[in-house]
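Visitor: Structure of the sequence below:
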Amino acid sequence: MTITRRLFTIASLGIVLGAALAAPAMAETKKIGVLIYNIGVDPWMNVAAKSLEADAKKLGYEITVTDGRNDVAQMNAAIDQFVIQGFNAIIVAPSDPDSLVGSVSKAIEAKIPVISYSMGLAPDANATAFVGSNEELIGREQAELAIKLLGGKGNVALMTGILGTSPQIGRSKGQHDGLKEAPGIKIVEEQANDWAHDKTVALIQDWLSKYPKGELNAVFAHGPELVAAAEYAKSQGRDEILFFAVDYPEDARRAIQEGTLTATVSQSPALLSELAVDAADKALRGETVDQKIIIKTPLVTKDNVEEMPADY
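Guide: The predicted model follows:
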């Protein structure tokens with residue numbers, strides 16, 4: 001609070017009196033710190049970071065976005081700095097559920113709300129809320145559609161995202177659980193592509209060589225990078241293979257329209273960002289925040305692609 005002094009001279013008494021008058025308090029700057037485990041890993045996270053910034057500014061928050069570069073020590077240090085510097089709330093997309101538990105717990109103990117964004121944290125972190133998707137449901141949605149289109153028979157290959165992340169764990173479980181419902185479907189390959197374009201293309205090249213026409217019927221992935229694999233397969237005359245992705249950028253929409261990609265799961269980063277900032281704001285205003293805020297993740301196929309604009 002700023003204090004001003006006005007000096008009043010009372011000539012008849014020769015006395016100088018000081019009166020301290022309180023000026024209106026300066027408006028406190030509200031700050032949200034955002035930590036993303038690796039912004040450069042895929043376009044989805046870039047859109048997420050920009051959406052978080054825009055949504056926070058709409059509500060009057062200054063926002064600082066930190067790229068963790070997939071370095072656990074750097075990520076923990078970033079959260080600690082948010083606490084030391086007096087940030088009002090923290091939004092974090094961790095690389096895995098466990099590595100940031102200590103730092104997040106310290107922030108919670110300091111009465112700073114922490115929102116886990118898209119990537120889940122272990123329960124021990126005591127995060128204020130998780131805003132994301134039902135990862136197991138995403139994997140199961142893919143599996144159920146594949147079973148239907150394959151008639152319950154065939155060989156499938158799975159490309160996972162980054163091993164140990166909550167999306168990889170959840171989506172893999174959903175895929176496996178779903179495919180178990182069709183004993184006639186066999187998983188012949190399962191390898192990590194790290195959500196990376198080059199690794200995705202390298203894997204499909206290897207698999208097309210290893211499995212001639214008729215021996216590989218479907219490929220699943222945990223992200224939209226599968227579009228590159230589907231396009232490569234088509235260029236090699238292997239358009240008999242079905243491709244099931246996650247996330248819904250413009251190139252995935254176009255690939256579905258062209259018949260290259262069989263389906264994807266919509267998981268809007270803009271919607272998740274809006275909900276994450278809203279949860280942080282509610283927590284700061286003392287309102288009740290649901291511990292789990294889960295968005296719907298509809299399948300996009302040739303049947304509904306024209307009615308569904310791309311998420312980014």
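Visitor: ranges for the strands of the stretch 51-200 of the chain?
Guide: Along the stretch 51-200 of the chain, counting by DSSP state E, counting those that start in this stretch, strands occupy 61-67, 89-93, 114-117, 129-132, 154-160, 185-192.
Visitor: Could I get those strands in a markdown table, plus columns for mean neighbour count and mean pLDDT?
Guide: Placement of C-beta: from N, CA and C, glycine included. Formatted as a markdown table, the strands of the stretch 51-200 of the chain follow (neighbours: other CB atoms under 10 Å; pLDDT from 0 to 100):
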| stretch | mean neighbour count | mean pLDDT |
| --- | --- | --- |
| strand 61-67 | 18 | 97 |
| strand 89-93 | 28 | 98 |
| strand 114-117 | 29 | 98 |
| strand 129-132 | 23 | 98 |
| strand 154-160 | 23 | 98 |
| strand 185-192 | 16 | 98 |
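Visitor: If you count neighbours, what's buried in stretch 293-306?
Guide: Under the neighbour-count criterion of 16 or more other CB atoms under 10 Å, stretch 293-306 has 293, 295, 297, 299-301, 305 buried.
Visitor: Filter those residues down to the ones in strands?
Guide: Mapping these onto strands (DSSP state E) picks out 293, 299-300.
Visitor: which one of the residues you listed sits closest to Phe87?
Guide: Nearest to Phe87 out of these is Ile293 (CB to CB; 20.8 Å).
Visitor: give the contact list for the closest one.
Guide: Under the criterion of CB atoms under 8 Å, 6 or more residues apart in numbering, the neighbours of Ile293 are 129-132, 275, 279.
Visitor: Which pLDDT value does the model give Glu135?
Guide: pLDDT, Glu135: 98.
Visitor: if I look at Gln257, how far off is Gln191?
Guide: In this structure, Gln257 and Gln191 are 29 Å apart, going by CB to CB, to the nearest Å.
Visitor: which residues in the stretch 1-150 of the chain form helices?
Guide: Taking DSSP state H, counting those that start in this stretch as the test, the helices found in the stretch 1-150 of the chain are 43-58, 72-84, 101-109, 135-150.
Visitor: Could you tell me how far the residue nearest to Val246 when sequence neighbours are not counted is located from Ile295?
Guide: If the residues on either side of it in the chain are set aside, Val246 comes closest to Val265, at 4.8 Å by CB to CB, 6 or more residues apart in numbering. Separation of Val265 from Ile295 (CB to CB) stands at 11 Å.
Visitor: Quick one: end-to-end length of stretch 87-98, please.
Guide: Terminal residues of stretch 87-98 are spaced 23 Å apart (CA to CA, to the nearest Å).
Visitor: can you check stretch 289-309 too?
Guide: Its start and end residues considered, stretch 289-309 measures 30 Å (CA to CA).
Visitor: so for it, what's the average pLDDT?
Guide: 98.
Visitor: same deal with stretch 102-113?
Guide: Averaged across stretch 102-113, the pLDDT comes to 98.
Visitor: residues in contact with that stretch?
Guide: Here stretch 102-113 has contacts from 75-76, 79-80, 82-83, 87-90, 92, 114, 121, 124-129, 279-280, 283-284, 289, using CB under 8 Å, 6+ apart.
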